[in-house]
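>>> predicted model and sequence follow; I will ask about them next.
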Amino acid sequence: MFFPEYIQHIEESDRVLEVGPGGTPHPRSDVMLEKIFSEDEAHEQRGQTDALVTEKPVIYYEGDSFPFEDDEFDYVICSHVLEHIDDVDAFSRELNRVAKKGYVEYPTIYYDFVYNFPHHKTFLFYSDGVSYWMPKSDTPLEFFRPVQDFFRASLAIDTYVDFISKFMKYFFQGFEWFGTIQTERASRLSEVCFDVDDFADGLFPPP
């Protein structure tokens with residue numbers, strides 16, 4: 001999670017679910033939900049980080065539905081999961097079903113345009129209260145994989161952290177939602193990109 005400071009509306013009495021916590025769940029999460037993967041798949045899905053170690057409950061599931069009742073939680077955290085999902089609309093409905101507020105974070109197309117992580121399936125972009133999404137397979141990004149393999153190899157270089165930090169607010173987005181998460185499948189690549197007019201003065205758009 002790159003923007004933990006964006007999480008501002010967890011009340012003291014709230015019961016918090018975290019979906020896909022990887023190896024570093026949010027400290028306020030009470031229950032973790034993980035999909036069933038093989039050991040190698042799980043390592044890739046959590047970005048090659050260490051396995052989760054926690055005394056809190058970890059629920060494993062398979063299929064498309066979360067194993068919880070409606071409104072079983074007060075708040076749900078879903079950080080760096082949606083880019084792994086084929087049908088963002090359906091997955092978001094499950095987030096909406098089990099809680100009425102929460103936090104979502106994901107990489108933008110710019111991050112994957114550089115690195116093209118194989119386990120990322122979907123591009124997402126948050127604009128005007130809507131998370132637009134597009135399957136990576138609907139774009140010609142795979143054509144550039146020989147170039148992106150070079151940049152992905154650079155992840156082992158110490159300066160990688162500096163590079164990501166510099167462009168963090170353009171490579172990633174995070175936001176709290178209340179009531180429902182609004183999602184929409186994009187029909188044009190421009191819907192998952194910053195507006196070119198934001199760059200008219202040669203400046204990056206405001207974070």
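Looks like it came in fine. Residues are numbered from 1 along each chain as shown.
>>> which secondary structure state does Tyr103 sit in?
strand (DSSP: H, G, I helix; E, B strand; the rest coil).
>>> check the burial of it by counting its neighbours.
24 (other C-beta atoms under 10 Å). Backbone N, C-alpha and C define where each C-beta goes, glycine included.
>>> ok, it - contacts?
Tyr6, Ile7, Tyr75, Val76, Ile77, Cys78, Ser79, Gly174, Phe175, Glu176, Trp177 (C-beta atoms under 8 Å, 6 or more residues apart in numbering).
>>> of the residues you listed, which is the nearest to Pro135?
Pro135 has its nearest neighbour among the contacts of Tyr103 in Cys78, at 18.6 Å by C-beta to C-beta.
>>> that closest one bridge partners, please.
Beta-bridge partners recorded for Cys78 (DSSP bridges): Val19, Val104.
>>> contact partners for it?
Glu18, Val19, Gly20, Leu95, Gly102, Tyr103, Val104, Glu105.
>>> so how far is Glu83 from the second one?
Going from Val19 to Glu83 by C-beta to C-beta, to the nearest Å gives 13 Å.
>>> who has more neighbours out of these two?
Under the criterion of other C-beta under 10 Å, the comparison of Val19 against Glu83 puts Val19 first, with 26 against 22.
>>> alright, that wraps it up for me.
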